[in-house]
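**Q** after the sequence you'll find the predicted model.
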Amino acid sequence: MSAQDYLRAALAVAQRAAETQVPALQAAATAVADTMQRGNRFWVFGSGHSHLLAEELWGRAGGLVDVHPILEPALMLHEGLEKSSRLERLPGLAAEILEIHGVSEGDCLLVVSNSGRNAVPVEMARGGKARGATVIALTSLAHSRSVTSRAPDGSRLFEVADIVIDNCGEPGDAIMPHEPYPLAPTSTVIGALLLQAMMYEVVLDLERRGVEARTYESLNVGA
């Protein structure tokens, strides 16, 4: 086994995602464009390593300005792996986060969770919908369908969201056989690919509607 083997395997996952997820990406892009055309907000959220994909869409060169990240420090990684893992299983925390940020009717909320089983992402999706937001999920359907929910109501993220984008990853995320545990996950790299495709579609959709799509240019080009 070598790095080249992982690259081949990851590209196969990417190809599977590219061949199967275009309808979901287009539906998600339409929902985001509708939200932006109305002047509402597009929120992005993930806990644990999934927060990386919320940051992937925020403040990026070539990306949209009108993206609102929900970056709760306790659910990210820099305050400790165990802390983040324990808190994302905590019922009721999502309701407080939604209240603090003011997610409201007409907004669109992207929730990223590879397993889609923990209380916080499930309750973020359910709570966002209760507040009148359209909810997009980015998750691994294979992983989520192979596990039970840790949310109090027994739901998994894909069962709650309005639109579901499947990252086409394997249960457990890592795809290269190894002992004692598999190595080399794909959820971040494939998730970023899918979300950037979605955002590209958002910009094109807004322009077709005659709506200004404010985007960032890299600060590291030109003089």
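**A** Arrived safely. Numbers count the residues shown, from 1 in each chain.

**Q** quick one: the helix or strand hosting residue 9 to chain centroid distance?
**A** For residue 9, the element it lies in under DSSP states H and E is helix 3-20. Centroid separation for helix 3-20 versus its chain: 19 Å, with Cα atoms, centre = their mean, to the nearest Å.

**Q** what's that helix packed up against?
**A** strand 174-176, strand 183-185, helix 187-208 (3 or more Cβ pairs under 8 Å, 6 or more residues apart in numbering; DSSP states H and E). Bear in mind the C-beta positions are built from the backbone N, C-alpha and C, glycine included.

**Q** just checking: what are the partner strands of the second one?
**A** When sheet partners are counted by DSSP bridges, strand 183-185 sits next to strand 174-176 (antiparallel).

**Q** so which bits of the partner strand are buried?
**A** Applying a neighbour-count criterion of 16 or more other Cβ atoms under 10 Å, one finds 174, 175 buried in strand 174-176.

**Q** cool, stretch 208-223 as well?
**A** Result for stretch 208-223 [16+ other Cβ under 10 Å]: buried residues residue 213.

**Q** show me how far that stretch is from its chain's centre.
**A** 22 Å.

**Q** contacts for that stretch, please.
**A** 33, 36-37, 59-66, 202-203, 206-207 (Cβ atoms under 8 Å, 6 or more residues apart in numbering).

**Q** could you measure from residue 16 over to residue 142?
**A** 11 Å (Cβ to Cβ, to the nearest Å).

**Q** got any residues that touch both of the two?
**A** residue 168.

**Q** check which residues of the lowest-mean-pLDDT helix or strand in the chain are buried.
**A** None of the helices or strands of the chain scores lower by mean pLDDT, DSSP states H and E than helix 81-87, at a mean of 92. Buried residues in helix 81-87, counted by 16+ other Cβ under 10 Å: 84, 87.

**Q** what's the answer for stretch 47-58, then?
**A** Of all the residues in stretch 47-58, those buried under the rule 16+ other Cβ under 10 Å are 47, 48, 49, 50, 51, 52, 53, 54, 56, 57, 58.

**Q** and if you look at stretch 147-166?
**A** Neighbour count says stretch 147-166 has 149-151, 155-166 buried, by 16+ other Cβ under 10 Å.
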